[in-house]
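*Asks:* sequence first, then the predicted structure, then my questions.
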Amino acid sequence: MIRRKGEYEVSLRENMRGGSGTVRIEHFWRKDELKGPTRLLARLTLEPGTSIGFHEHADEEEVFVVVHGRARVTDGDVVTEVEEGDTILTGDGAGHAVEALGDVPLELLAVIVQY
């Protein structure tokens with residue numbers, strides 16, 4: 001199956017997980033279209049200053065690939081900056097948050113897998 005650019009289902013999340021601004025989510029495939037335990041496969045776009053608030057995942061892990069831009073990531077009690085090409089893996093109940101830094105939008109590829 002092929003889904004072309006521009007055909008993705010798009011949702012906008014205001015103050016996602018208690019963060020600030022609006023996160024644009026382009027769903028490449030919905031979870032009911034995938035056979036495996038993947039809950040999310042999407043591109044997230046955060047304008048500068050936008051954030052996803054601190055939250056945890058129970059019985060799942062989340063992978064982010066930084067496609068464009070820079071971010072400040074809180075992973076448990078560690079705060080660090082990431083940039084294009086970096087990856088983030090969270091799970092096992094460890095909380096995390098993401099904030100877009102700089103003057104260009106932050107683009108993340110996000111995958112959430114349940115276990």
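*Replies:* That came through, no problem. Residues are numbered from 1 along each chain as shown.
*Asks:* check which residues of the lowest-mean-pLDDT helix or strand in the chain are buried.
*Replies:* Taking mean pLDDT, DSSP states H and E as the measure, the helices and strands of the chain show their lowest mean at strand 87-90, namely a mean of 94. By neighbour count, and taking 16 or more other Cβ atoms under 10 Å as the criterion, the buried residues in strand 87-90 are 88, 90. Every residue, glycine included, has its C-beta placed from N, CA and C.
*Asks:* got the CA coordinates for the next helix-or-strand element following that strand in PDB?
*Replies:* Per DSSP states H and E, the first helix or strand lying C-terminal to strand 87-90 is strand 96-101. The C-alpha trace of strand 96-101 is given here as PDB (Å, rounded to 0.1, in the frame of the first residue of the first chain):
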ATOM      1  CA  HIS A  96       9.600  12.700  29.000                       C
ATOM      2  CA  ALA A  97       8.900  16.100  27.500                       C
ATOM      3  CA  VAL A  98      10.000  17.900  24.300                       C
ATOM      4  CA  GLU A  99      10.400  21.600  23.600                       C
ATOM      5  CA  ALA A 100      11.200  23.100  20.100                       C
ATOM      6  CA  LEU A 101      14.300  25.400  20.300                       C
END
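*Asks:* who does strand 96-101 pair up with?
*Replies:* With DSSP bridges as the test, strand 96-101 is paired with strand 51-55 (antiparallel), strand 70-75 (antiparallel).
*Asks:* so what's Thr80 closest to, chain neighbours aside?
*Replies:* Distances taken as Cβ to Cβ, 6 or more residues apart in numbering place Val73 nearest to Thr80, at 5.9 Å, with adjacent residues excluded.
*Asks:* hang on, Arg17 in a helix?
*Replies:* Yes: going by DSSP: H, G, I helix; E, B strand; the rest coil, the assignment for Arg17 places it inside a helix.
*Asks:* just to revisit the earlier point, my guess is the residue nearest to Thr80 contacts Leu89. True?
*Replies:* No: because the distance of 10.9 Å does not satisfy Cβ atoms under 8 Å, Val73 is recorded as not touching Leu89.
*Asks:* show me where the chain has strands.
*Replies:* Using DSSP state E, the strands found in the chain span residues 9-14, 22-29, 38-46, 51-55, 60-68, 70-75, 78-83, 87-90, 96-101, 106-114.
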